[in-house]
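# fold the following and give me the result.
(2 chains)
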Protein chains: 2
Amino acid sequence: MDYITKYAPFLVKYSHVVAALFLGYLAAKYLNNTRIQSLSADDEHSRAKRRSGKPKDDENWVNGGQQLAKANPAVNNEEEYQEADHDCLEHEDKTPQIPYKGDNYPEEEMLERSRRFYEEMNKRRSIRLFSDRDVSLEVIKNVIKTAGTSPSGAHTEPWTFVVVRDTRVKRELREIIEDEERMNYQRRMGDKWLNDLKKLKTTWQKPYLETVPYIIIIFKQVHSISADGQKKPHYYSEISVSISAGILLASIQNAGLVTLISTPLNCGPKLRELLKRPPNEKVMMLLPIGYPTDDVTVPDLKRKPLDKIMFLV
Amino acid sequence: MDYITKYAPFLVKYSHVVAALFLGYLAAKYLNNTRIQSLSADDEHSRAKRRSGKPKDDENWVNGGQQLAKANPAVNNEEEYQEADHDCLEHEDKTPQIPYKGDNYPEEEMLERSRRFYEEMNKRRSIRLFSDRDVSLEVIKNVIKTAGTSPSGAHTEPWTFVVVRDTRVKRELREIIEDEERMNYQRRMGDKWLNDLKKLKTTWQKPYLETVPYIIIIFKQVHSISADGQKKPHYYSEISVSISAGILLASIQNAGLVTLISTPLNCGPKLRELLKRPPNEKVMMLLPIGYPTDDVTVPDLKRKPLDKIMFLV
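The predicted structure follows:
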């Protein structure tokens, strides 16, 4: 104490000030730590939310998640472990078993079928100009039934297909999407955009959203509510829904119709509201479906050859 | 001031203490805010990493990300804006255009085609018991070529299909997956597992990984390297690869073969090493492909009826 009095007399004189400074610091630190914790918890929560349906592709991140789960018992360990049950998109369960009889084509026929199916699918192109020619609703129902045969994590079937036929809903939908697109272009282009609006118009405007007979909006269900009112998370819902979209595309192509698969995610909440879907459903994809215009063109893109996508070991 | 002196004389007497408390509070707040910002930036960074291939399903989160990008120029704005280009899985670009001629089936035929395709796909089931009967490699090539016709974000075609035919590689692959599965069961089951090992064996063991003629492991390419050595991120790669997997499943079913799509993510890095794939490729799915055993059974699951998955507006 003598030492302090000698060399830093102000510390004694202003000891209450120093104490107050320290107390203020501690108080702020406590308050802010609480905030950091709640930020982390929010993030873990939103991660867990996003994670339903999104497997982890980074081992470090997985371990991080598990360490966090250990450090903080409030984080649902059950969820971590269920998530680790990565085995299968369709899981084995207690439901009774029935015999399965597959098709059994002779080798030549199998080869021929696989070749023809490739040729059919290889004709598929994303189309941006749709005719207003009508399509039978029965065909739309069939392609969606087909998408519904997709496998899904734990057989949760976490998909909802909203089919928009109503003219007014199509118009509102177009407005929502064009507003968002316009903002994207504006943000991206800055001043250039302001001077060059006319040229860009063709890019953010989507008149086909009103001319096309149907628009399919695909929602993923991030969870469901079980009989006892509990949230049941849907793991891998994003993968499952995307696989289902792949089968939908195959089915649309097989029927001789065309589409353009897009992911209008910035306007998800607005679309969800417009289409009156519950909060557990999130917009994933949007597909206008119909016939192309007579004079439609597509970019002359090549697909990667087999030896760039397949490796035999 | 008179008012304060009258009613709160301590505020005047201890004004320096109050000031010090406030200063201490501010200092701590500043320091902690810096920490919060760096936490958020880290998170944004890891989000951005994970986001390659994963679109955002929460508008608040999206806006948050954009605000953060604005507030903190260190966050890669370019990436934010590219990400905002959510328009299309196949984008319009500068490549020359060619005319597109679609199929044009009479309405009756279209309806019939869509019905038959539904019936074909509806027969598909996930199979867990595979015969060792061989399959022509040409058929495998055709189903993978078919998967390669899938649309993809900005036509990046971010998929790699590794086809495992070699017996030794299949054995190593089985070991990697069973090791991971055993750990999952152990973690999940705790002591119960130790007492009950025998019964569980049937669950984590995957002998079919050695009997089946081919195993397809699907990798997503999270980025590519452009001609000038720059990393080119692949947006939506996870969605694109999953759509492609859906078309693969359709193609396998059409050929009369069976599979079981699974997402063996905990063993991704080990599988990547075993199959000698570069670090920009991450294991997404694994599909044994072949014939079912003669006596195979499947759970008697029902699919959701159309009115539970499709909503017409």
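# who are the contact partners of the closest residue to chain B within chain A?
The nearest approach of chain A to chain B comes at residue A:246, 2.0 Å away (Cβ to the nearest Cβ). For the C-beta atoms, the positions are set from N, CA and C on the backbone; glycine is no exception. Going by Cβ atoms under 8 Å, 6 or more residues apart in numbering or on different chains, residue A:246 touches A:150, B:150, B:242-250.
# which one of the residues you listed is nearest residue B:107?
Of all the contacts of residue A:246, residue B:250 has the smallest distance to residue B:107: 23.4 Å, by Cβ to Cβ.
# now the helices for the stretch 101-250 of chain A?
Per DSSP state H, counting those that start in this stretch, the stretch 101-250 of chain A carries helices over the ranges A:107-122, A:137-147, A:167-189, A:191-195, A:197-204, A:208-211, A:237-254.
# hmm, residue B:17 and residue A:20 touching each other?
Yes - using Cβ atoms under 8 Å, residue A:20 makes contact with residue B:17 at a distance of 4.4 Å.
# pretty sure residue A:285 is touching residue A:218, no?
Yes - assessed by Cβ under 8 Å, residue A:285 is found in contact with residue A:218 at 4.4 Å.
# between these two, what contacts are shared?
A:241, A:245.
# picking that back up, right, and the helices of the stretch 101-250 of chain A - which one's nearest residue B:295?
Of the helices of the stretch 101-250 of chain A, nearest to residue B:295 by Cβ to Cβ is helix A:107-122, at 21.9 Å.
# that older thread, include pLDDT when you put the contacts of residue A:246 into CSV, please.
Shown next, in CSV, are these (pLDDT from 0 to 100):
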residue, pLDDT
A:150, 98
B:150, 98
B:242, 98
B:243, 98
B:244, 98
B:245, 98
B:246, 98
B:247, 98
B:248, 98
B:249, 98
B:250, 98
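# tell me the one among the residues you listed nearest to residue A:299.
The closest of the contacts of residue A:246, once distances to residue A:299 are taken by Cβ to Cβ, is residue B:150, at 16.3 Å.
# wait, what's in contact with the nearest residue to that closest one once chain neighbours are set aside?
Leaving aside its chain neighbours, residue B:150 sits nearest to residue B:244 (3.6 Å; criterion: Cβ to Cβ, 6 or more residues apart in numbering or on different chains). By Cβ under 8 Å, 6+ apart, the contact set of residue B:244 is A:246, B:147-148, B:150, B:152, B:159, B:218.
# taking those one by one, which sit in strands?
B:159, B:218 (DSSP state E).
# follow-up on the earlier one: distance of the residue of chain A closest to chain B relative to residue A:286?
16 Å (Cβ to Cβ, to the nearest Å).
# name the nearest of the contacts of residue A:246 relative to residue A:236.
Nearest to residue A:236 among the contacts of residue A:246, with distances taken as Cβ to Cβ, is residue B:242, at 9.4 Å.
# would you mind measuring from the closest one to residue B:285?
8 Å.
# find residues that contact each of these two.
With Cβ under 8 Å, 6+ apart as the test, residue B:242 and residue B:285 both reach residue A:239.
# neighbour-wise, which of those two wins?
residue B:242 (29 against 24; other Cβ atoms under 10 Å in any protein chain shown).
# before we move on, the earlier item: of all the contacts of residue B:244, which comes closest to residue B:108?
Using Cβ to Cβ, the contacts of residue B:244 come closest to residue B:108 at residue A:246, 27.0 Å.
# roughly how far apart are that closest one and residue A:281?
Residue A:246 is 20 Å from residue A:281, by Cβ to Cβ.
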